[in-house]
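Enquirer: sequence-free structure coming up:
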Ligand code: AMP
């Protein structure tokens, strides 16, 4: 099998000029690459006690669900506003321009449960940090974060100091 990185498609100027979008659809459509990516992301946590995987809408779900299955845990979705039906906790966080909001069901995580956060890509780290804070608000303990892709040059890792984090495919420049 080819290197996993070679399955990622760069799409310049999407969704807006100046952004190089890392398209994972070209990886997940190939069964061998998808399977390898999920196993490698999960394997790093096989020896860690985890109660719940938390993953972030929407591309995060593509990896969160198989990783939860492989680790034998439940999965709790973090969603954009107005998607979750039951009582929820909300967090608003800053973007480059404006703010964004994420939500989680209050009963998704029991107090003290050990949580692994899964997303497709770490860029500036704003989304991941907000998710950590959301999980902590409902009483979860974060034991790690795992990403398929890390855009290292955006320094998201620095925002997540104090948390255990790993990524599979690293880009050190755009
Ligand atoms: P951030 O909060 O800056 O770390 O952004 C992380 C979220 O935005 C992830 O959930 C990604 O799905 C998405 N994202 C940010 N930058 C890119 C990019 N260059 N290519 C693909 N997705 C991106």
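Expert: Structure's in. What do you need? Only a predicted model underlies this, so the values are computations on that prediction, with no experimental measurement involved.
Enquirer: Name the strands paired with the lengthiest strand in the chain and say parallel or antiparallel.
Expert: What stands out as the longest strand in the chain, according to DSSP state E, is strand 141-151. Strand 141-151 has its sheet partners listed here by DSSP bridges as strand 114-122 (parallel), strand 165-171 (parallel).
Enquirer: Would you mark the buried spots in the helix or strand just after that strand?
Expert: Later in the chain than strand 141-151, the nearest helix or strand by DSSP states H and E is helix 156-159. For helix 156-159, burial by neighbour count (16 or more other CB atoms under 10 Å) applies to 156-157. To be clear about C-beta, it is placed using only N, CA and C from the backbone, and glycine gets the same treatment.
Enquirer: Now the residue nearest the centre of the chain: closest residue in space, sequence neighbours ignored.
Expert: The chain has residue 119 as the residue nearest its centroid, 1.5 Å off, counting by CA atoms, centre = their mean. Closest residue to residue 119 apart from its sequence neighbours, by CB to CB, 6 or more residues apart in numbering: residue 60 at 4.1 Å.
Enquirer: Report the rounded mean pLDDT for stretch 116-129.
Expert: Stretch 116-129 carries an average pLDDT of 97.
Enquirer: ok, now stretch 135-150?
Expert: 98.
Enquirer: Same question for stretch 93-111.
Expert: On average, the pLDDT along stretch 93-111 is 94.
Enquirer: Would you confirm that residue 22 contacts residue 5?
Expert: No. With contact defined as CB atoms under 8 Å, residue 22 and residue 5 do not form a contacting pair (9.9 Å).
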